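**Q** Got a predicted structure here, sequence first:
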Amino acid sequence: KIPKIGEKNKKPERRSRCRKSSRRNPKNGAGATKENPKRFWGRASSYASVWCLIPSLFLSPVDVTLDPATAGPEVILSNDLKEASWGRPGHRWPEGPGQFDTDPCMLGSEGFTSGRHYWEVEATGRFWAVGVARESVQRKGRILFKPNAEIWGLQKYDDLCVALTAPSNTSVPLLNGEIGVYLDYEVGQVSFYAVGTRQCIFTFPVASFSGEKVFPYFCVLLSTIKLSSKG
């Protein structure tokens with residue numbers, strides 16, 4: 001049974017985008033440039049693109065694997081713990097304190113309390129969610145289809161894709177395929193990228209992790225996620 005979509009028809013909030021660079025022409029100083037306006041704005045656009053470079057160009061992806069001890073019901077994991085899918089009715093993992101007991105969600109095996117980290121995941125299917133979650137994230141009861149202050153994630157359902165912002169979700173471009181997730185713990189930044197086009201899709205407002213460990217977060221429902229082996 002597919003859960004109701006509680007946030008699907010809410011009015012989207014303004015999206016947070018990659019910040020554009022304010023870099024000026026180093027040859028002409030702080031004053032206005034005399035060059036052709038088309039050339040000037042073309043170069044300004046390229047500066048903005050550099051600011052939004054996909055992190056894989058300057059940061060080696062981390063090797064993320066899935067944690068079976070957190071896997072929810074009806075989640076099928078590959079032997080190498082790099083792939084998860086939904087599809088075995090009634091299948092349940094051994095119960096444990098860290099398990100998602102209702103929704104087909106799971107965390108990565110390794111958490112972070114400092115540093116910059118980047119990983120890529122291929123998400124395909126009708127519904128999926130990827131992102132970053134606090135170690136204390138709610139794991140009991142229904143957590144899908146609603147904003148959650150413990151999760152910084154993107155969620156896709158049919159033709160709708162949203163960022164899980166509060167107090168209501170924020171619409172983002174529809175995604176299916178490889179997604180890059182970037183975490184800067186000290187800055188409090190969580191950003192998402194379309195790997196194929198190298199475009200920054202969404203950056204959450206600055207978060208405070210308060211020293212708590214955070215983990216890669218995934219959810220599968222009528223879908224499959226596959227982690228990159230680039231790390």
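**A** Structure received.

**Q** Let me see the ranges of the helices in this protein.
**A** 37-51 (DSSP state H).

**Q** Can you pull the poorly scored residue ranges out of it?
**A** 1-53, 56-57, 88-92, 145-147, 230-231 (pLDDT under 70).

**Q** Just the C-alphas of the longest strand that it contains, formatted as CSV.
**A** In terms of residue count, the longest strand belonging to the chain (DSSP state E) is strand 116-134. Taking C-alpha atoms only, strand 116-134 is exported to CSV below (Å, rounded to 0.1, in the frame of the first residue of the first chain):
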residue,chain,number,x,y,z
ARG,A,116,33.6,17.7,3.6
HIS,A,117,32.1,14.6,2.0
TYR,A,118,30.6,13.8,-1.4
TRP,A,119,28.9,10.7,-2.7
GLU,A,120,26.9,9.7,-5.8
VAL,A,121,23.8,7.5,-6.0
GLU,A,122,21.7,6.4,-9.0
ALA,A,123,18.0,6.6,-8.1
THR,A,124,15.4,5.1,-10.5
GLY,A,125,11.7,4.3,-10.1
ARG,A,126,8.5,5.7,-8.9
PHE,A,127,9.5,6.9,-5.5
TRP,A,128,12.8,7.4,-3.8
ALA,A,129,14.5,9.7,-1.3
VAL,A,130,18.2,10.5,-0.8
GLY,A,131,20.0,12.9,1.5
VAL,A,132,21.6,13.3,4.9
ALA,A,133,20.0,12.5,8.3
ARG,A,134,20.9,13.0,12.0
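
**Q** what about stretch 128-148, start to end distance?
**A** 16 Å (C-alpha to C-alpha, to the nearest Å).

**Q** buried ones in it?
**A** Across stretch 128-148, burial judged by 16 or more other C-beta atoms under 10 Å covers 128-134, 137-139, 143-148. (Glycine included, C-beta is placed from N, CA and C.)
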